[in-house]
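> model the structure of this input:
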Amino acid sequence: MRKWYNYNVSFKWISEELNIFNKCRQYRLRLKDCPQFLFLIMGIVISGSAFTTYALGTRYFVVEPTTVSLIVLVVTGVLLIITFSIVRSMEGLAEASRLKSEFISIVSHQLRSPLSNLRWAAEVLVSKDFGELAPKQKEYLKIIQENNGRMGELVTDLLMVSRIDEGKLLFDKIKFSLEDLAKEVINGLKVLAEASNVAINLEVSEILPQVCSDYKMIKIVVENLLDNAIRYIKEKGKVFIKINNKNDHLLFEIRDTGVGIPKDDQRHIFQKFFRSQNILRQQTLGSGLGLHITKSIIEKSGGKIWFKSQEGVGSTFWFTLPIK
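Have a look, this model is predicted:
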């Protein structure tokens, strides 16, 4: 009975290990990035190479078929062992990435309730329901509200990244005006722009067709790009926004006269939690998640995003959105 149980457990473990799609879902990876799928492809390639080597060896070289077979088997075995070792290492990295994503998701959800309670308590105190506050008390409450707002934004970004990693970023595609959305975002960040002494110019050369995407998601994209452009301008500067019609899509361009991105940092700019060195030196607020979220949303929408930047001169970001 014990032997049968052991065989059953072993068979179950083997079947789970060979279930590529299940493993990919477990690691929350696309099929082409999954270690088991890569192992399968490498196995097919190695096996094909082994048969090809055997055929060529027996046909074109004066060697006994037995010797050729032995050589091919040894080489194939070594390659499979090496491939298996690499894949197991990749599995460890994939599992670590999955656990990290789960940790971020759990912590973010757990932080939402206390932050909401803290915001509610601060609003009640500011409302004077419990009497007039002294100037110093108002000052401290304002600090609490500002930091609570920053923490709320960080938690929102973390939850968004978690949904992106899990492939659960849902889109409700509708037709809408990208120009009207841009005007709405500009109006919402008007106070920040005026406080930063930044002028924003929107240029639309013609009547534009509507785009087809998720309105709220694209609003997050435009907010992230405009917020970055404003915050990364020293003292006084300008932001130029253009929207053009390019055949079957619209091209959105946003250019600033800010600090720019160092050349060595540009290849990392869309990575999670990355912030360039010149931004860190200025101690500008940010989580390093905005551009990662922006890129994921645009690609999910069927568009593309790219940029060019020169340190000390400024940056220009472009993205496209399909019209249909």
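
> can you confirm residue 240 is in a strand?
Yes: counting by DSSP: H, G, I helix; E, B strand; the rest coil, residue 240 is found in a strand.

> could you give the number of residues near it?
17 (other C-beta atoms under 10 Å). C-beta: built from backbone N, CA, C; applies to glycine.

> which ones are touching it?
Shown in contact with residue 240 (C-beta atoms under 8 Å, 6 or more residues apart in numbering): 201, 203, 253-256.

> isn't residue 141 right next to residue 125, touching?
Yes: between residue 141 and residue 125 there is a contact under C-beta atoms under 8 Å: 5.8 Å.

> quickly list what's touching both of those two.
Common neighbours of residue 141 and residue 125 (criterion: C-beta under 8 Å, 6+ apart): residue 133.

> hmm, back to that, of the contacts of residue 240, buried ones?
254-256 (16 or more other C-beta atoms under 10 Å).

> and which of these is nearest residue 176?
Ranked by distance to residue 176 (C-beta to C-beta), those are led by residue 254 at 18.4 Å.

> quick one: mean pLDDT over the helix or strand harbouring the closest one.
Assigned by DSSP states H and E, residue 254 belongs to strand 249-256. What strand 249-256 shows for mean pLDDT is 94.

> in a helix, residue 170, correct?
No: assigned with three-state DSSP, residue 170 falls outside any helix and is coil.

> distance of it from residue 214?
8 Å (C-beta to C-beta, to the nearest Å).

> would you mind pulling up the elements that the helix or strand harbouring residue 143 packs against?
Taking DSSP H and E as the definition, residue 143 sits inside helix 135-165. The helices and strands touching helix 135-165, judged by 3 or more C-beta pairs under 8 Å, 6 or more residues apart in numbering; DSSP states H and E, are helix 65-126, helix 290-300.

> what's the least confident stretch among those?
Among the helices and strands packed on helix 135-165, helix 65-126 scores lowest, at a mean of 71.

> what lies in contact with stretch 176-188?
193, 200, 202, 204, 208, 210-211, 213, 215, 218-219, 222-223, 226, 241, 243, 250, 252, 321.

> which among these end up buried?
Those of the contacts of stretch 176-188 that meet the buried threshold are 193, 200, 208, 210-211, 213, 215, 218-219, 222-223, 226, 241, 243, 250, 252, 321, by 16+ other C-beta under 10 Å.

> in helices, which of the contacts of stretch 176-188 fall?
193, 215, 218-219, 222-223, 226 (DSSP state H).

> okay if I get those as TSV plus distance to residue 157?
Putting the ones in helices among the contacts of stretch 176-188 into TSV (distance: C-beta to C-beta, whole Å) gives the following:
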residue	distance to residue 157
193	21
215	19
218	16
219	15
222	16
223	12
226	16
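
> name the nearest of those relative to residue 52.
residue 218 (50.5 Å).
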